[in-house]
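Engineer: Predicted coordinates and the sequence they were generated for:
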Amino acid sequence: MQKRYSLEAAIPKVAEMLRDKGLSIAINSGNEPNYHLIVNSEDRAARIRICHLQFDENYNNSALPYQVYKIKAYPNGKRDSFTLRSVDFVVGYNPHDGSFACVPAHIFNNQGIACIHQKEGLRHEYYNSWAELNSFTIPTVVQRQQTSREGYDPKTGSDYEFHRDVMEEDDSVERLMIMLEHGTVSDEDKKELIQRFRTNYPQVDKWLNQRADDKPNDEWSRRFGI
């Protein structure tokens, strides 16, 4: 009997596969998130949506000597390009044969569908391969132009408001927050992660300094020395 796909089972399975590669993984626990996992290593970060790597019924009677799959990247089949704007990769997983495909988000067409050939066909390079993820590098931070938020007052504004403003051009604060809240690595590793983000992302350094002034004795200050 063919195993049925479920997102609830696929997320921890893909997370386990990535952890086996030595990557640091956090699961996004938000309500219907655009992405399900965030991956961080020394110099890489990626937001990943998990989907079903389905057998493509259009090839049921094909003479091809290998399997052809497809991934539908939009949740519930909705055609909504916004749902891929905050995603770097879509990983399709097939519970029947244990295969996967790691596909850059920009590959998907307007319907959010990508056809994946098992062997020397269309997009076969993504099948059972993490090569694209391995070569993905965090983009250089684009310095934010001065905005009305430059006069932010930590005593009247909230973390979320400041975070939302920073996120308009730089998602480094969001990625760090997810890793600190949901990452499975030790607090010592998280301290090292904070230092890397401080060094590489001016917005993170600014946000952490502002947060330290606003909340000098909270849990993060005690655990991570912020």
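Structural biologist: Looks like it arrived, so ask away.

Engineer: and the helix or strand residue 192 falls within, what's its mean pLDDT?
Structural biologist: Here residue 192, judged by DSSP states H and E, is contained in helix 187-200. The pLDDT scores in helix 187-200 average 81.

Engineer: Off-centre distance for it?
Structural biologist: 18 Å (Cα atoms, centre = their mean, to the nearest Å).

Engineer: got it, and stretch 126-133?
Structural biologist: On the basis of Cα atoms, centre = their mean, stretch 126-133 sits 15 Å off its chain's mean C-alpha point.

Engineer: related to what we said a few turns ago, which positions in the helix holding residue 192 come out as buried?
Structural biologist: 190, 193-194, 197-198 (16 or more other Cβ atoms under 10 Å). To be clear about C-beta, it is placed using only N, CA and C from the backbone, and glycine gets the same treatment.

Engineer: Let's have the residues you listed in TSV, adding distance to residue 212.
Structural biologist: Shown next, in TSV, are the buried residues of helix 187-200 (distance: Cβ to Cβ, whole Å):
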residue	distance to residue 212
190	16
193	17
194	11
197	14
198	12
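
Engineer: Could you list the domains of this protein?
Structural biologist: Under the assignment automatic domain parsing, the domains of the chain span 7-134, 148-224.

Engineer: Let me see the ranges of the strands in the chain.
Structural biologist: Remark: strands assigned in the chain by DSSP state E are 24-27, 37-40, 45-55, 68-72, 89-93, 100-104, 113-117.

Engineer: Could I get the ones you listed in a markdown table, plus columns for mean pLDDT, distance to residue 172 and mean neighbour count?
Structural biologist: Formatted as a markdown table, the strands of the chain follow (pLDDT from 0 to 100; distance: least, Cβ to Cβ, whole Å; neighbours: other Cβ atoms under 10 Å):
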| stretch | mean pLDDT | distance to residue 172 | mean neighbour count |
| --- | --- | --- | --- |
| strand 24-27 | 85 | 14 | 20 |
| strand 37-40 | 86 | 11 | 24 |
| strand 45-55 | 91 | 8 | 22 |
| strand 68-72 | 94 | 28 | 22 |
| strand 89-93 | 95 | 18 | 25 |
| strand 100-104 | 94 | 20 | 23 |
| strand 113-117 | 93 | 28 | 20 |
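
Engineer: Could I get those in TSV, plus columns for distance to residue 180?
Structural biologist: TSV is the format used below for those (distance: least, Cβ to Cβ, whole Å):
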stretch	distance to residue 180
strand 24-27	9
strand 37-40	11
strand 45-55	13
strand 68-72	30
strand 89-93	22
strand 100-104	25
strand 113-117	33
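
Engineer: right, so of those, which gets closest to residue 204?
Structural biologist: In terms of Cβ to Cβ, the element of the strands of the chain nearest to residue 204 is strand 45-55, at 11.9 Å.

Engineer: which helices and strands does that closest one pack with?
Structural biologist: Contact here means 3 or more Cβ pairs under 8 Å, 6 or more residues apart in numbering; DSSP states H and E; on that basis strand 45-55 packs against helix 7-20, strand 37-40, strand 68-72, strand 89-93.
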